[in-house]
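Student: Kindly return the folded structure for what I paste below:
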Amino acid sequence: MPRGHLLSAIGLVPVALGVAVLAGCRAGPDVLADPPRQLFSAATELPPPLPPTVVDIPLLIDLTTALGLLEEALPRSFGDIDRKQQIPGNKRAAFAFQVRRDPFAISVKGDTFQIATTIHYEGKGWYDPPIAPEISGSCGTHGPRPRARIVISLRPEIDRSWRLQARPQLTYLGPATRTERDQCEVTFLKLDVTGKVLSAARSAIRSQLPKIAARLATVDVRRETEKIWNEIQAPIRLTDSVWLMLQPEGVRLGRVSGNRELVGGTIGISARPKIESGGRPPVAEKPLPPLEPAAPATGLSLLVEARFDYPLIGASLTEALEGKRIQAPGGALEIVAVGAFGVGAGRLALGVRFRGTSSGQIFFVGTPQYDDSTGRIRVPDLDYDASTAPLLVKGLAWLKADEIRDYLRSRATFPSGQAMDKLADLAVGAMNRQLTEGVYLTASLERTRVLRIAPRRDALYLQASAEGQAALHVTDDFFARLTGQTDSSRATARSDTTAPAGAERTASPSR
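Tutor: Residues are numbered from 1 along each chain as shown. Alright, predicted model coming up:
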């Protein structure tokens, strides 16, 4: 069988177990050994565990709501310069003030948001002496008005139940500068108008901070992440009877930062992606789990499992070894055909049909290994099976010669590296795709590392870890499909406004 034909068939379609039937080549063979017993356990059928892959989703939370609440809590203007207020403890003295506020603006320092504004104010004071006309004084009514600065800080966090936690605090309220420009005092009354203005602003803001915190706790952080979580649980068809399963299993929160009105963070979805062959794998959808603490980001760890059907292995070995003659002390044999099958405990059996000085079939057993230098599978510890050894006595003892065993150890190899590379490339190519409208998965492959060779009942499986990078990109199309409108109080998990370059637009994976 040509090498190219073998590789094109490996791992891509399920084929029933086929053990080569090694019948004698003539009547009355000299030795006809029984095949080794097949002893499989559930443990040997399981693939090796891989470290989870963490796929990061940028999370943006719109804080426009917080701005709106603060705008309502502290009106753009308050006070009345013509409305006298009596000074406590002095019936003859009164004051008035009027304030105009700039819009609130957000700035970011690390993981803390500062919502700040500047107020401009003017003030008057009156005194009504017992025997003289009323006297008054003012500041800011003519020329530049004094200014004060208000700064409210909040550090948003997301708890395990996906609620946004933010406790806004008034961190600064005072004159904008230390110059006389930003001080207002009616000297003859020793009236500090600046203090009166700041006290009124402080009372108004502090009364509203608990309401702002409660409102922010209603921001929907869970919904969009939950939608993406559900989408990536569906199997992705690579080709006929070959499926990519992402298998998400946990969610973690990375560092929270921000930019203007948006809280920025990273939601990392941990998954154990693998390739399966056969029918469409069943999916038991998992609900979005609680949010876990931050953890170091990891790259892509994809379990790639290439399937080598035993009839194809036998055909490859027969093609390479048929007609080969092995000379040993006491006789010579010529290989007619070779068959292969798994016997359990990670071992592979090779059955050899031969003719020459003697004829018949004998069996060898060993543990297959992957040779990185050649990309081939070999069996370096191949040795006579227990069912064969007792038959090789007296006139057939020469068949146990080291020359025969060592020849098969060195020559009974078959190619696998190209099949592994083909499957890994196929998987990574399939991962660069649109999972659903507005959600794109991208991946790149850096290396493939063979983990284990598993001879199972139906076929020999080569299990490898394909390592690289993976990411999810969520565009505005996804959120437009969810809501159809802008809602400033919701959280979004968007990273781009357009699809990533090279991502294939495909239909959503079927569930």
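Student: Now that Ala33 has come up, it's in contact with Ile362, right?
Tutor: Yes: between Ala33 and Ile362 a contact is recorded at 5.1 Å, counting by C-beta atoms under 8 Å. The C-beta positions use only the backbone N, C-alpha and C, and glycine is treated the same way.
Student: okay, and the common contacts of the two?
Tutor: Common contact partners of Ala33 and Ile362 (C-beta atoms under 8 Å, 6 or more residues apart in numbering): 385, 388, 391.
Student: From the residues you listed, pick the one nearest Thr179.
Tutor: Closest approach to Thr179 among these (C-beta to C-beta): Asp385, at 97.5 Å.
Student: before we move on, the earlier item: now render the shared contacts of Ala33 and Ile362 as JSON lines, adding pLDDT, distance to Val219 and secondary structure.
Tutor: Shown next, in JSON lines, are these (pLDDT from 0 to 100; distance: C-beta to C-beta, whole Å; DSSP: H, G, I helix; E, B strand; the rest coil):
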{"residue": "Asp385", "pLDDT": "93", "distance to Val219": "68", "secondary structure": "coil"}
{"residue": "Thr388", "pLDDT": "89", "distance to Val219": "72", "secondary structure": "coil"}
{"residue": "Leu391", "pLDDT": "87", "distance to Val219": "78", "secondary structure": "helix"}
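Student: quick one: Ser203 is in a helix?
Tutor: Yes: the assignment for Ser203 (DSSP: H, G, I helix; E, B strand; the rest coil) places it in a helix.
Student: about what we covered before: of the shared contacts of Ala33 and Ile362, closest to Gln98?
Tutor: Checking the shared contacts of Ala33 and Ile362 against Gln98 with C-beta to C-beta, the nearest one is Asp385 at 101.4 Å.
Student: Verify the stated contact: that closest one with Phe364.
Tutor: Yes: counting by C-beta under 8 Å, Asp385 does reach Phe364; the two are 6.1 Å apart.
Student: quick one on the thing from earlier: more neighbours: which of Ala33 and Ile362?
Tutor: Ile362 (26 against 21; other C-beta atoms under 10 Å).
Student: Which strand residues bridge that one?
Tutor: Using DSSP bridges, the beta-bridge partners of Ile362 come out as Val352.
Student: hmm, back to that, most neighbours of all the shared contacts of Ala33 and Ile362, which one?
Tutor: Taking other C-beta under 10 Å to define a neighbour, the member of the shared contacts of Ala33 and Ile362 with the most is Thr388, carrying 24 neighbours.
Student: Look up how far Leu32 lies from that one.
Tutor: Counting by C-beta to C-beta, to the nearest Å, the separation of Thr388 from Leu32 is 10 Å.
Student: This protein: helices as residue ranges?
Tutor: 3-9, 42-45, 64-73, 193-216, 222-231, 310-321, 402-411, 417-431, 476-483 (DSSP state H).
Student: Columns mean neighbour count and mean pLDDT on top of those helices, output as a markdown table?
Tutor: Listed next are these as a markdown table, based on neighbours: other C-beta atoms under 10 Å; pLDDT from 0 to 100:
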| stretch | mean neighbour count | mean pLDDT |
| --- | --- | --- |
| helix 3-9 | 15 | 30 |
| helix 42-45 | 10 | 58 |
| helix 64-73 | 18 | 72 |
| helix 193-216 | 17 | 84 |
| helix 222-231 | 19 | 80 |
| helix 310-321 | 21 | 92 |
| helix 402-411 | 16 | 93 |
| helix 417-431 | 20 | 71 |
| helix 476-483 | 16 | 54 |
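Student: remind me which residues of the stretch 151-300 of the chain are low pLDDT?
Tutor: Confidence mapping of the stretch 151-300 of the chain against pLDDT under 70 gives the ranges 254-266, 294-298.
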